[in-house]
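Peer 1: I would like to see how this sequence folds:
(one chain, ligands or ions: 2)
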Amino acid sequence: MARGVLNPVPMSTASKSTKKSTLLKNLITRPEMSFLMEAHNGLSAKVVEEAGFEGIWGSGLSISAALGCRDNNEASWTQVLEVVEFMADAVKIPMLLDGDTGYGNFNSMRRLVRKLEQRGCAGVCIEDKIFPKTNSFIRGSAQPLAEIDEFAGKIKAGKEAQSDDDFVIVARVEAFIAGWGLEEALKRAEAYRKAGADAILIHSALKSPSEILTFKKEWGNRCPVVIVPTKYYTTPTDVFREYGFSTVIWANHLMRSALTAMQKTAKQIMADQNLLNVEDNVVSVAEVFRIQGEAELEQAEKLYLPKHGQTTRAIVLAASRGAELGDLTKDRPKAMVDINGQPLLGRIADTYRSVGIKDVTVVRGYKKEAVNLTSLTYVDNDAFDTTQEVASLGKAASALAGATVISYGDVLFKKYIVQELMETADDFVIAVDANWKESRNRGRVADFVVCSEPNSKRSFGNVVTLKEFVHDGDREGVMGEWMGFFKVSDKGAAVLKSVLEKASVDPAKFNAMKIPDLLKLVQQAGQQVRVLYTTGHWLDVDSVEDVVVGASF
Ligand code: SPV
Ligand code: MG
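Peer 2: Ligands and ions are numbered 1, 2, ... in the order given. Predicted coordinates:
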């Protein structure tokens, strides 16, 4: 590879075992010239890394500007540390922080170094000015320099405070900025080198590189020299290479380009009061999600979040009119009858959402145009007049693409019942009310069940299974009432689909089938249907009186 050509470290191959401090130390000390690109927060740090840079310059100017402050130590050093931590966390490449003057004396410097090490920062550069400092490009010659001995002591203290041998401390010489000339610059650089600095940053505010080039010529290779060509930017980079500089810092150009873009966008939107001229000139929100690493989180959720809820769907059978409600269902199906300000279906969907089921498919039929709640998926059973529930479910077969709770558009239930259904591992589970003797449905057409054992303290924890559905609640062996909903697992959904498909071969029979008939076929296909006992907390809305009761449900 040619000297100085960028050597991008793809994120995936950046070695986990190489410390950031070691990476930075290598950049500064290797023969090939290196580049550090400015960043000022986690996002810009990622941009630097993705562009292929090997290291970051944590610019004091840019960090303060991004915080809305001046580059005069207005942001406290612990506030800077917070930013540094976000930046270090965001990337794998190392960062050299612009630590201004070290935020105080030698003791402040010792504490700074330890804190930077703790926060994953690979090195710090301090300049020989007086706290609080001013940016070198503002009244540079008016800025007092630190005493050489005092600053050398600060470097020494910093080096002795670091617990990681590779942590980098760069000493920045401001002699040219303050107008003191080459001799002073060399004297200072030598004192700082002797004090233990890993590199010298020689700064200049001239438009020509003359100061830094003459310095380098005199300095030779006593230790690595870092430069910041913000003002002498027209100098070809190869000149720096020829002179043997160690590292070039592009010091503030992401902050400045962001500022250009933000000013332009804000002006445009202010003038237009719409986004038409802007949308195509800014990255998509998808790009924002990408750089934030959303994809990784999605994968992690699959690994670490419990499966139920996230993937369970629901199908609500709501095709029938519900003529028993009389005028209430003249222009809408029962599922859309208002109960205390909200249609039944809305309440059902809310219950599903509250347990994490967001994918809800509703089978409409009677007055389907009145079934228009948002955020639900609709399929239609236009033959609702001449068919029964199973035909409706058949219309929603494509929604049986995983664990699914199936319920009716006229049955309200408390969320814990669905939660318990979702927590079962079985392929087919029906919710059964063990308190059927007090059911509002006694004397109505209802679905009672005969099970493998009744609900009791003794049966708690046992897997109780369905024997058969019966209509007569007083029949011997009845142990509960089916609440009108059931759950199928991933595998159960596939079985149910195939049972539906087979049954549909005989349309006359299929169209007359109710859910209990379907579950009988499921049993006949060799599947066990598990019974989940609970008591109460559901309501089958079958009369005007039920509507009134539902209001307080
Ligand atoms: C910074 O980026 O904050 C620097 C470099 O200190 S300069 O602004 O050129 O002084
Ligand atoms: Mg600075």
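
Peer 1: List the residues that contact whichever residue of the stretch 401-550 of the chain sits closest to ligand 1.
Peer 2: Taking C-beta to the nearest ligand atom, ligand 1 has its nearest neighbour within the stretch 401-550 of the chain at Gly402, 53.4 Å off. Heads up, the C-betas are built off the backbone N, CA and C, glycines and all. Applying C-beta atoms under 8 Å, 6 or more residues apart in numbering to Gly402 gives the contacts 311-313, 490, 493.

Peer 1: Show only the entries of those residues found in helices.
Peer 2: Among the contacts of Gly402, the residues falling in helices (DSSP state H) are 490, 493.

Peer 1: Take the contacts of Gly402 and write them to TSV, including distance to ligand 1.
Peer 2: TSV is the format used below for the contacts of Gly402 (distance: C-beta to the nearest ligand atom, whole Å):
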residue	distance to ligand 1
Thr311	49
Thr312	53
Arg313	54
Asp490	56
Ala493	59
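
Peer 1: Hmm, which of the contacts of Gly402 is lowest in pLDDT?
Peer 2: Scanning these for pLDDT, the smallest score is found at Thr311, 78.

Peer 1: isn't that one right up against Val405?
Peer 2: No - counting by C-beta atoms under 8 Å, no contact exists between Thr311 and Val405, whose distance comes to 11.7 Å.

Peer 1: Name the helix or strand for the residue in the stretch 301-450 of the chain positioned nearest to ligand 2, please.
Peer 2: The stretch 301-450 of the chain approaches ligand 2 most closely through Glu301 (40.7 Å), counting by C-beta to the ion. Using DSSP states H and E, Glu301 maps to helix 294-304.

Peer 1: packing partners for that helix?
Peer 2: In terms of contacts (3 or more C-beta pairs under 8 Å, 6 or more residues apart in numbering; DSSP states H and E), helix 294-304 is packed against no helix or strand at all.

Peer 1: quick one: average pLDDT of that helix?
Peer 2: When pLDDT is averaged over helix 294-304, the result is 92.

Peer 1: burial count for Glu476?
Peer 2: By other C-beta atoms under 10 Å, 7 other residues sit near Glu476.

Peer 1: Would you confirm that it belongs to a helix?
Peer 2: No - going by DSSP: H, G, I helix; E, B strand; the rest coil, the assignment for Glu476 is coil, not a helix.

Peer 1: How much space separates it from Trp250?
Peer 2: Going from Glu476 to Trp250 by C-beta to C-beta, to the nearest Å gives 87 Å.

Peer 1: ditto for His537
Peer 2: If you go by C-beta to C-beta, the gap between His537 and Trp250 works out to 65 Å.

Peer 1: neighbour-wise, which of these two wins?
Peer 2: Trp250 (18 against 15).

Peer 1: Pull up the gap between that one and ligand 1, please.
Peer 2: 10 Å (C-beta to the nearest ligand atom, to the nearest Å).

Peer 1: Check Gln273 too.
Peer 2: Counting by C-beta to the nearest ligand atom, the gap from Gln273 to ligand 1 is 37 Å.

Peer 1: Next, that residue: phi, psi?
Peer 2: Dihedral pair for Gln273: phi 50, psi 30, per degrees, to the nearest 10.

Peer 1: Any idea how many residues pack against it?
Peer 2: Quick note: Gln273 (other C-beta under 10 Å) scores 6 neighbours.

Peer 1: shaky segments in the stretch 301-450 of the chain?
Peer 2: Counting by pLDDT under 70, the low-confidence segments of the stretch 301-450 of the chain come to 307-310, 439-444.

Peer 1: What segments of it are helices?
Peer 2: For the stretch 301-450 of the chain, the helices defined by DSSP state H, counting those that start in this stretch occupy 344-354, 389-395, 415-423.

Peer 1: next one: the last one to chain centre, how far?
Peer 2: Mean-position distance between helix 415-423 and its chain equals 27 Å (C-alpha atoms, centre = their mean, to the nearest Å).

Peer 1: quick one on the thing from earlier: drop anything exposed from the contacts of Gly402.
Peer 2: Buried members of the contacts of Gly402, scored by 16 or more other C-beta atoms under 10 Å, are 311-313, 493.

Peer 1: check contacts around Ala370.
Peer 2: Ala370 neighbours (C-beta under 8 Å, 6+ apart): 331-333, 336.

Peer 1: part of a strand, is Met483?
Peer 2: Yes - under three-state DSSP, Met483 falls within a strand.

Peer 1: Verify the contact between it and Ala431 for me.
Peer 2: Yes - applying C-beta under 8 Å as the test, Met483 and Ala431 come out as touching, 4.4 Å apart.

Peer 1: so what sits against both of the two?
Peer 2: Common neighbours of Met483 and Ala431 (C-beta under 8 Å, 6+ apart) are 413, 417, 538.

Peer 1: Neighbour-wise, which one of those residues leads?
Peer 2: Going by other C-beta under 10 Å, Phe413 tops the shared contacts of Met483 and Ala431 with 25 neighbours.

Peer 1: and the gap between the residue lying closest to it once chain neighbours are set aside and Asp71?
Peer 2: Nearest non-adjacent residue to Phe413, counting by C-beta to C-beta, 6 or more residues apart in numbering: Trp538, 4.1 Å away. From Trp538 across to Asp71, the span is 66 Å (C-beta to C-beta).

Peer 1: and if you look at Glu211?
Peer 2: 21 Å.

Peer 1: Walk me through the domains of the protein.
Peer 2: Domain segmentation of the chain under automatic domain parsing yields 19-251, 255-282, 283-550.

Peer 1: how about the second one: buried residues?
Peer 2: What it means is domain 255-282. For domain 255-282, burial by neighbour count (16+ other C-beta under 10 Å) applies to 255, 258.

Peer 1: Would that domain count as contacting ligand 2?
Peer 2: No - against ligand 2, domain 255-282 shows no contacts by C-beta under 5 Å from the ion, the least distance being 11.6 Å.

Peer 1: any weak-confidence spans in this protein?
Peer 2: Where the chain drops to pLDDT under 70, the residues are 1-16, 307-310, 439-444.

Peer 1: Those residues of it touching ligand 1, which are they?
Peer 2: Contact residues (C-beta under 6 Å from any ligand atom) of the chain with ligand 1: 59-61, 98, 135-136, 228, 230, 251-252.

Peer 1: residue boundaries of the strands in the stretch 201-350 of the chain?
Peer 2: Using DSSP state E, counting those that start in this stretch, the strands of the stretch 201-350 of the chain run over residues 225-227, 247-250, 313-318, 338-339, 342-343.

Peer 1: Burial check on Ala195, number of neighbours?
Peer 2: By the criterion of other C-beta under 10 Å, Ala195 has 20 neighbours.

Peer 1: Find the nearest non-adjacent residue to the closest residue to ligand 2 within the chain, please.
Peer 2: Residue nearest to ligand 2 within the chain: Gly60 (3.2 Å; C-beta to the ion). In space, and not counting its chain neighbours, Gly60 is closest to Asp98: 4.0 Å by C-beta to C-beta, 6+ apart.

Peer 1: The one you found contacts Asp71, doesn't it?
Peer 2: No - using C-beta under 8 Å, Asp98 is not in contact with Asp71; the gap is 9.5 Å.

Peer 1: These two: which is more packed in?
Peer 2: Asp98 (26 against 23).

Peer 1: Look up phi and psi at the more buried one.
Peer 2: Main-chain dihedrals, Asp98, degrees, to the nearest 10: phi -80, psi 100.
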